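Asks: The following block contains a protein sequence and its predicted model.
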Amino acid sequence: MPKQVSITQARKEMGPLFSEVVVEHRPALIERHHRAGVFIGEDDASELLSPYAFHTEVFFEPAAVSFWVPELALYGRGSTYEEAGEDLVEEVRDYIEEYWSEIDRYRKAPNRASHFPYLMRAHLADRRGELLDVLLTEPSDAAAATREDALASA
């Protein structure tokens, strides 16, 4: 069972509590006024969020490449694969900032509430320098068409 501490006790013991939670991977419940929050390390949070996988689609066009992230309803676009990836990363970062600035509204919005765990995962991946890697997981064989294959069928 996770350790349960009051907010007052957590303040007094923050150094050791932080080490226990983050270094030793032992989550804690911090209680205040009959409500509790979960104190968990970044690595453990990333692991808990790993089932929220992105299914980013790539589209090769004659003069551009586009990425579509259906989980967040976001596009990235550029004249090259790399530029499209950079644009996608910036779009996701901007959306994370927008979502957090309006979190009370967005967590209740039917078209945005489900984005929360994906944005948490993206934010944690970005802190590790892995945002693009998390967004662009390996495509299946069916989706692994090369640019030439895509253009040849056009």
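Replies: Perfect, thanks for sending it. Keep in mind that this is a model prediction, so the values were computed, not measured. Residues are numbered from 1 along each chain as shown.

Asks: low-scoring stretches of this structure, by residue?
Replies: 138-154 (pLDDT under 70).

Asks: which residues in it form helices?
Replies: 7-12, 14-18, 42-49, 81-101, 103-106, 116-127, 131-135, 147-152 (DSSP state H).

Asks: Minimum distance to Trp68: which of the ones you listed has it?
Replies: Proximity to Trp68 (C-beta to C-beta) singles out helix 81-101 among the helices of the chain, at 9.1 Å. Quick note: C-beta positions are derived from backbone N, CA and C, even for glycine.

Asks: elements contacting that closest one?
Replies: For helix 81-101, the packing partners by 3 or more C-beta pairs under 8 Å, 6 or more residues apart in numbering; DSSP states H and E come out as strand 64-69, strand 74-78, helix 116-127, helix 131-135.

Asks: Which stretch among those approaches Thr8 most closely?
Replies: Minimum separation from Thr8 across the helices and strands packed on helix 81-101 (C-beta to C-beta) falls at helix 116-127, 27.6 Å.

Asks: quick one: that closest one to helix 81-101, angle?
Replies: Here the directions of helix 116-127 and helix 81-101 differ by 120 degrees (axes from the mean of the first three to the mean of the last three C-alpha atoms, to 10 degrees).

Asks: If you count neighbours, what's buried in helix 116-127?
Replies: 118-126 (16 or more other C-beta atoms under 10 Å).
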